[in-house]
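Enquirer: one predicted model, sequence on top.
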Amino acid sequence: MKKRCEWAKDEPNTTYHDVEWGKPQHDDRKLFEFLVLEGAQAGLSWTTILKRRDGYRKAFSDFDARKVSKYNQKQIEKLLKDESIIRNKLKINSAINNAKQFLKIQEEFGSFDKYLWGFVNHKPIKNKFKKHSDLPASTEISEKLSLDLKKRGFNFVGPTICYALMQAIGMVNDHTSECYLYQK
């Protein structure tokens, strides 16, 4: 039996861990998806979000930031009734606002990928944590990223959310040293 990170013992976490988590991601649409999902996760478990991921995909136009940036009050009211997502008005409004800011960064840097990965000099940081409890909730880099995103008008991007984003998209490799994916 494969040894995995502690949090990946049950589905849907196991598949997410094995297939996506910690693997370098450079596609802007996927980066926007993780930005939305990590913001939605605030105060909730990641399992809760993974179980609603398909609902988010449908509700947020397959994470097309251009489309999401144009959502109006009628669409917001529809989202607030959509049981396939977290029906939190602040989080829904945040996703729409962040889509607008996301597009501005794409325009300024050429891609959100180029902007985001610049915080780690375009190379993943490989940590060496033995157990899940050793992982930090945030780091100096996630704090810098958070401050910069907030300065640019984003919300639901605190240092902890930013660090979770960095882990998810492989900017940091936080597979524990006993995990079978650690060396990859």
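Expert: Done, it's in.
Enquirer: longest single helix anywhere in the protein?
Expert: Counting by DSSP state H, the longest helix found in the chain is helix 89-109.
Enquirer: please work out which residues outside that helix touch it.
Expert: With contact meaning Cβ atoms under 8 Å, 6 or more residues apart in numbering, helix 89-109 is reached by 28, 32, 35-36, 39-40, 42, 60, 65-66, 68-69, 71, 76, 79-80, 85, 112, 115, 118, 149, 152-157. Every C-beta, even on glycine, is put in place using the N, C-alpha and C of the backbone.
Enquirer: what's in contact with whichever helix or strand comes after it?
Expert: Counting by DSSP states H and E, the next helix or strand C-terminal to helix 89-109 is helix 112-117. The contact list for helix 112-117, computed with Cβ under 8 Å, 6+ apart, reads 26-28, 31-32, 102, 105-106, 108-109, 145, 169, 171.
Enquirer: check which residues of helix 112-117 are buried.
Expert: Neighbour counts over helix 112-117 (16 or more other Cβ atoms under 10 Å) mark 112-113, 115-117 as buried.
Enquirer: quick one, strands of this protein?
Expert: Remark: strands assigned in the chain by DSSP state E are 125-126, 172-173.
Enquirer: tell me what the first one is packed against?
Expert: Translated: strand 125-126. With contacts taken as 3 or more Cβ pairs under 8 Å, 6 or more residues apart in numbering; DSSP states H and E, strand 125-126 sits against strand 172-173.
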